[in-house]
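Trainee: pasting the sequence and the predicted coordinates here, then a few questions.
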Amino acid sequence: MNTLAEVMTPTSIDLTAKEQTNVRTALKFLRLRCGGWEPLAKVLHFHPKALAASVRGKTASPTLAYRIARFAKVTVDDVLTGRFPEPGTCPHCGHRPTPGT
């Protein structure tokens, strides 16, 4: 007999491991830009401990990805694919490297 975990299959709203990593990267970036978990949690409407747990490896939800994208004024696809934050962007000042430098 199969256990429930063996029978269940991922749904279309589950994030892949890579997408979850990208959501965590965006969270870490925004935590520094916003000055900590408390102010970021307030604008994302999440508990600060839930955000910190997501960064430490707890499953990142599609809702979290959506709220990050909305707050950052980027698409959800940008968050999920790792285009936000742009690689190399300084989380403290937002400076983006110039291509070719």
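Mentor: Good, I have the coordinates.

Trainee: tell me which residues of the longest helix along the chain are tucked away?
Mentor: For the chain, the helix with the greatest residue count under DSSP state H is helix 17-34. Within helix 17-34, the residues scored as buried using 16 or more other Cβ atoms under 10 Å are 19-20, 22-27, 29-31, 33-34. All C-beta spots, glycine's among them, are computed from the backbone N, C-alpha and C.

Trainee: show me where this protein has helices.
Mentor: With DSSP H as the criterion, the chain has helices spanning 4-7, 17-34, 37-44, 48-55, 62-72, 76-81.

Trainee: give me the contacts around stretch 63-76.
Mentor: 15, 19, 23, 26-27, 30, 43-46, 51, 54, 78-80, 83-84 (Cβ atoms under 8 Å, 6 or more residues apart in numbering).

Trainee: at 7 Å what do you get?
Mentor: 15, 23, 26-27, 30, 43-46, 54, 78-80, 84 (Cβ atoms under 7 Å, 6 or more residues apart in numbering).

Trainee: just the CA coordinates for it, please, in PDB.
Mentor: The C-alpha coordinates for stretch 63-76 follow below in PDB (Å, rounded to 0.1, in the frame of the first residue of the first chain):
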ATOM      1  CA  THR A  63       1.900  33.600  -3.200                       C
ATOM      2  CA  LEU A  64       5.200  34.800  -1.800                       C
ATOM      3  CA  ALA A  65       6.700  35.000  -5.400                       C
ATOM      4  CA  TYR A  66       3.700  37.000  -6.500                       C
ATOM      5  CA  ARG A  67       3.900  39.500  -3.600                       C
ATOM      6  CA  ILE A  68       7.700  39.900  -4.100                       C
ATOM      7  CA  ALA A  69       7.100  40.700  -7.800                       C
ATOM      8  CA  ARG A  70       4.300  43.100  -7.000                       C
ATOM      9  CA  PHE A  71       6.400  45.000  -4.400                       C
ATOM     10  CA  ALA A  72       9.500  45.100  -6.700                       C
ATOM     11  CA  LYS A  73       7.400  46.200  -9.700                       C
ATOM     12  CA  VAL A  74       8.700  43.300 -11.800                       C
ATOM     13  CA  THR A  75       6.900  40.300 -13.300                       C
ATOM     14  CA  VAL A  76       6.500  37.000 -11.400                       C
END
